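> Make a model of this:
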Amino acid sequence: MGFTLYGALAALALAAMLAVTFLAGRKNGVDYGCVIRFAVLAVPLALIFSRLTYCLTSLSYYTETIGHPELLLQLRDGGYSMTGAMLGVIIASMLAGKWCRRPCGAMLDAAAIGMSAALIIARLAEPLADMGWGYPYYSPLFCFLDGLTENMGDFAFTHPVFAYEATVAAAILVSLLIIRRQVGQGYTFLAFLLLYGCSQTVMESLLNGGHMKVIHFVKVNQIAALVMLLIPLVVWSIRLARIPHFRRCVFADWALAIVCILSAVVQEFSVEGADNPYFSVVLVGAVMAGLLGLTTLLRSLAWKRYGFRRLLPVIIPAVIAIAAAVVDRVTDVGDHYRLVLWGIMACDMAILAAIGLRQRAICNINP
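Model prediction:
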């Protein structure tokens with residue numbers, strides 16, 4: 001197996017994850033023995049689950065497309081999943097906590113910070129393996145990217161999604177370092193799942209990749225991101241529902257969350273799906289906007305929030321749509337239709353993140 005720069009950077013990302021997890025664990029009161037056990041488990045489990053996830057979602061390629069299922073065992077040919085690697089690290093954190101007979105929350109919190117640091121390196125390394133590139137851009141709004149993409153051959157003038165993902169990972173890392181000072185054990189890990197899931201749902205839509213799809217344009221990683229963001233919402237909602245005063249607030253939160261998820265699915269269908277004469281994006285979009293407005297009002301009344309703030313979830317997507325329409329009118333070249341859809345999807349995910357972080361803050365005050 002020969003040396004590759006991408007492989008070296010992937011190893012560096014894994015080493016950074018272990019180092020940052022060690023430092024964060026020490027801050028959380030995790031002893032050396034527990035961190036060492038975590039390191040011993042994390043490396044093999046990350047590799048195993050990364051490869052296993054890729055193989056399970058690519059069985060038809062090996063068994064039908066090329067007809068050589070034995071190539072599933074050829075590890076040096078590539079084929080790994082970031083979602084699987086993260087699953088392996090999470091399992092290693094839980095096993096290490098159980099092994100040391102300590103609560104898993106502190107170890108999971110430390111691993112969440114470590115994974116955020118590793119994601120920065122791993123994402124920036126993706127172009128070396130021809131990964132991390134999105135759709136071509138035509139809008140003059142993205143001309144500042146020309147210097148980065150114009151000499152990239154087949155990927156010239158395409159969205160450098162790997163750079164977006166690395167930037168988001170850095171923002172998540174900073175957010176977790178701030179959050180961990182304010183919350184109890186396990187909350188930092190749940191905040192990581194929420195923020196990563198919300199951001200990655202949009203990033204997977206930007207990617208123009210053809211692998212690891214469940215059906216048609218539905219991607220495994222995008223479904224995994226939705227599951228990730230739902231886990232903390234479920235956990236925090238259960239805790240809030242135990243407090244009588246917040247039960248109606250939980251109901252309103254989930255009504256808005258479901259509408260946001262449905263809206264994001266509509267945007268994804270519009271971006272990736274083929275033209276369908278029986279599907280009206282405008283009509284469905286108008287219905288979703290109306291539902292978003294109603295559920296936003298319901299949540300504002302439940303949380304007793306009044307004034308301009310309660311309308312922000314409706315105003316922000318509307319402003320994005322109007323701005324894109326204005327740009328589309330004054331320029332001759334552009335892909336503003338997709339920008340509108342991605343912008344609305346990003347707003348949906350931002351609302352979900354705000355719902356979760358609000359619940360986290362209340363749960364931390366009322367443990």
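> now the helices: where do they sit in the stretch 51-200 of the chain?
Ranges of helices within the stretch 51-200 of the chain are 59-60, 82-99, 104-125, 146-149, 161-179, 187-206, based on DSSP state H, counting those that start in this stretch.
> Throw these into CSV and include distance to Trp303, mean pLDDT and mean neighbour count, thanks.
Bear in mind the C-beta positions are built from the backbone N, C-alpha and C, glycine included. Shown next, in CSV, are these (distance: least, CB to CB, whole Å; pLDDT from 0 to 100; neighbours: other CB atoms under 10 Å):
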stretch, distance to Trp303, mean pLDDT, mean neighbour count
helix 59-60, 46, 65, 10
helix 82-99, 31, 88, 22
helix 104-125, 27, 91, 25
helix 146-149, 42, 78, 13
helix 161-179, 21, 93, 19
helix 187-206, 18, 92, 25
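> In JSON lines, list these along with distance to Ile223.
Formatted as JSON lines, the helices of the stretch 51-200 of the chain follow (distance: least, CB to CB, whole Å):
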{"stretch": "helix 59-60", "distance to Ile223": "17"}
{"stretch": "helix 82-99", "distance to Ile223": "9"}
{"stretch": "helix 104-125", "distance to Ile223": "19"}
{"stretch": "helix 146-149", "distance to Ile223": "29"}
{"stretch": "helix 161-179", "distance to Ile223": "17"}
{"stretch": "helix 187-206", "distance to Ile223": "9"}
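> Of those, give the one that comes closest to Ser263.
helix 187-206 (11.7 Å; CB to CB).
> now that closest one, how far from the centre of its chain.
3 Å (CA atoms, centre = their mean, to the nearest Å).
> repeat for stretch 88-99
21 Å.
> next one: stretch 123-137
16 Å.
> Any idea which of the helices of the stretch 51-200 of the chain gets closest to Ala11?
So among the helices of the stretch 51-200 of the chain, helix 104-125 is nearest, using CB to CB, at 9.8 Å.
> quick check: angle from the closest one to helix 82-99?
Helix 104-125 runs at 150 degrees relative to helix 82-99, counting by axes from the mean of the first three to the mean of the last three CA atoms, to 10 degrees.
> Can you dump the C-alpha atoms of helix 104-125 in PDB for me?
What follows is helix 104-125, C-alpha atoms only, in PDB (Å, rounded to 0.1, in the frame of the first residue of the first chain):
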ATOM      1  CA  CYS A 104     -20.200   8.400  29.600                       C
ATOM      2  CA  GLY A 105     -21.200  12.000  29.300                       C
ATOM      3  CA  ALA A 106     -17.800  13.500  30.000                       C
ATOM      4  CA  MET A 107     -16.100  11.200  27.500                       C
ATOM      5  CA  LEU A 108     -18.700  11.900  24.800                       C
ATOM      6  CA  ASP A 109     -18.300  15.600  25.400                       C
ATOM      7  CA  ALA A 110     -14.500  15.400  25.000                       C
ATOM      8  CA  ALA A 111     -14.900  13.200  21.800                       C
ATOM      9  CA  ALA A 112     -17.300  15.700  20.300                       C
ATOM     10  CA  ILE A 113     -14.700  18.500  20.600                       C
ATOM     11  CA  GLY A 114     -12.100  16.100  19.200                       C
ATOM     12  CA  MET A 115     -14.300  15.200  16.200                       C
ATOM     13  CA  SER A 116     -14.900  18.900  15.400                       C
ATOM     14  CA  ALA A 117     -11.100  19.500  15.300                       C
ATOM     15  CA  ALA A 118     -10.600  16.400  13.100                       C
ATOM     16  CA  LEU A 119     -13.300  17.400  10.700                       C
ATOM     17  CA  ILE A 120     -11.400  20.600   9.800                       C
ATOM     18  CA  ILE A 121      -8.400  18.600   8.600                       C
ATOM     19  CA  ALA A 122     -10.300  15.800   7.000                       C
ATOM     20  CA  ARG A 123     -12.500  18.200   5.000                       C
ATOM     21  CA  LEU A 124      -9.600  20.300   3.700                       C
ATOM     22  CA  ALA A 125      -7.900  17.000   2.600                       C
END
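> just checking, what packs against that helix?
helix 5-27, helix 32-56, helix 82-99, helix 161-179, helix 187-206 (3 or more CB pairs under 8 Å, 6 or more residues apart in numbering; DSSP states H and E).
> Out of these, which gets nearest to Gly356?
Of these, nearest to Gly356 by CB to CB is helix 187-206, at 4.4 Å.
> and the angle for the closest one with helix 5-27?
Using the same axes, to 10 degrees, helix 187-206 lies at 160 degrees relative to helix 5-27.
> Can I get the helices and strands packed on helix 104-125 in a markdown table including distance to Leu352?
Shown next, in a markdown table, are these (distance: least, CB to CB, whole Å):
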| stretch | distance to Leu352 |
| --- | --- |
| helix 5-27 | 26 |
| helix 32-56 | 24 |
| helix 82-99 | 19 |
| helix 161-179 | 15 |
| helix 187-206 | 6 |
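> among the ones you listed, which is nearest Leu124?
helix 161-179 (5.0 Å).
> Tell me which residues touch Thr149, please.
Phe155, Ala156, Phe157, Thr158, Pro160 (CB atoms under 8 Å, 6 or more residues apart in numbering).
> For the first one, give me the pLDDT.
Spelled out, it's Phe155. Model confidence at Phe155, expressed as pLDDT, equals 81.
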